[in-house]
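Trainee: pasting the structure only:
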């Protein structure tokens, strides 16, 4: 029987798994955007701009906002990895099955956060194809985090 992981170690493993999952998700998003002939989302940059302007009372230009997109996307995904690490270490759920559940939970959070910020319509106003694509991004992320955590935890 393996010894239990400490909360701090679980967070560390989760942060690393979150970084890997975010990388996998980003690669998938870029491939999907290329296949559809569309560009990348600038929503993370807008979130970063709002945080900087609201919390730090510093103006952010459109050029700076664009530069915030990738770091904010990465920070968000890495941070959720810490949550996964704590849950995984506490409950020892099946990493495969719960990777899908985790990705769905993160997607669900975005369905609340982004409309609340006025950065996306409520889910009931989104076209089904957009919903399916966005869910697929988050499922890839969740499975990526779960697989990475399982590999790190060996």
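Mentor: Looks like it arrived, so ask away. Since the structure is predicted, the reported quantities are computational estimates derived from the model, not experimental observations.

Trainee: quick one: residues in contact with the lowest-mean-pLDDT helix or strand in the chain.
Mentor: One helix or strand of the chain scores below all others by mean pLDDT, DSSP states H and E: helix 95-116, with a mean of 93. Under the criterion CB atoms under 8 Å, 6 or more residues apart in numbering, residues 43, 80, 84, 87-88, 93, 120-123, 134-135, 137-147, 149-150 lie in contact with helix 95-116. Bear in mind the C-beta positions are built from the backbone N, C-alpha and C, glycine included.

Trainee: ok, of these, which come out buried?
Mentor: 43, 80, 84, 87-88, 120, 123, 134, 137-147, 149-150 (16 or more other CB atoms under 10 Å).

Trainee: so which bits of stretch 65-78 are buried?
Mentor: Residues of stretch 65-78 classed as buried: 65, 68, 69, 72, 73, 74, 75, 76, 77, 78 (neighbour count, 16+ other CB under 10 Å).

Trainee: including distance to residue 98, could those residues go into JSON lines?
Mentor: Shown next, in JSON lines, are the buried residues of stretch 65-78 (distance: CB to CB, whole Å):
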{"residue": "65", "distance to residue 98": "35"}
{"residue": "68", "distance to residue 98": "31"}
{"residue": "69", "distance to residue 98": "29"}
{"residue": "72", "distance to residue 98": "26"}
{"residue": "73", "distance to residue 98": "23"}
{"residue": "74", "distance to residue 98": "23"}
{"residue": "75", "distance to residue 98": "23"}
{"residue": "76", "distance to residue 98": "20"}
{"residue": "77", "distance to residue 98": "17"}
{"residue": "78", "distance to residue 98": "19"}
